[in-house]
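S.K.: any chance you could fold what I've pasted below:
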Amino acid sequence: DFVNRDSDPTDDQGHGTIGAGVVAGVLNNGVGMAGIGKHTKIMALKFLPALGGGATADAAEAILYAANNGAHGVNLSFGGNTDIRTLKTAIDYAYNAGLVLFAAAGNDSLDATRCYPANYRNVITVGASDPLDRLTDFSNFGVRIDVVAPGGSSGGSGPGDEAEDLLAQGVTLLGGVDLL
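M.R.: Numbering: from 1, shown residues only. Next up is the predicted model:
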């Protein structure tokens, strides 16, 4: 937990928990859904506080921790509109260490070249598609979108902003498929 500086990365918003369930939810345990990775392990790293708006330095520290502690990939379901060297350096380090990094394109209907970490070269940037496989009206767009994944409104599945939660699922789904 890079927010509270303790060993409890409990997810205050459910955003990361939803994403982790898409990838590694246990089959037939009577809770939630089955994930796509039967033997997938999740390294839960928290850098956003309960109200959101975390520090970029904490995000970078979590990425470095993942790279140095056996992670195979990182789901970057967060973003902002400022290119910050600390974050880029951590992403480049993780990429050079062999990790696959997936970044959410963003949910602001903007060109993703204006969004970070989505605009960094060493990430796979994921936009959101609707049930008809079209880019959603909220997904960011443009040349930095590498792939789109289900993220349009489908009835919701967790706390918080439905579009944001479902975009996180799309990013996580792609990450889980690649990392299996």
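
S.K.: how far away is Thr125 from Ala55?
M.R.: Distance, Thr125 to Ala55, by C-beta to C-beta, to the nearest Å: 22 Å. Yep, even glycine has a C-beta here, placed from its N, CA and C like the rest.

S.K.: of those two, which one has the most company?
M.R.: More neighbours surround Thr125 than the other of Thr125 and Ala55, with 28 against 14 (other C-beta atoms under 10 Å).

S.K.: checking the more buried one next. Helix, strand or coil?
M.R.: strand (DSSP: H, G, I helix; E, B strand; the rest coil).

S.K.: in stretch 45-57, which residues are buried?
M.R.: For stretch 45-57, the neighbour count (16 or more other C-beta atoms under 10 Å) marks 45-48, 54, 56 as buried.

S.K.: which helix or strand lies directly C-terminal to the host helix or strand of Gly16?
M.R.: Assigned by DSSP states H and E, Gly16 falls within helix 15-24. Proceeding N to C from helix 15-24, the next assigned helix or strand is helix 56-68, under DSSP H and E.

S.K.: got a list of contacts for that following helix?
M.R.: For helix 56-68, contacts defined as C-beta atoms under 8 Å, 6 or more residues apart in numbering pick out 2-3, 43, 45-48, 74, 76, 78, 80, 84, 86-87, 89-91, 93-94, 97, 99, 101.
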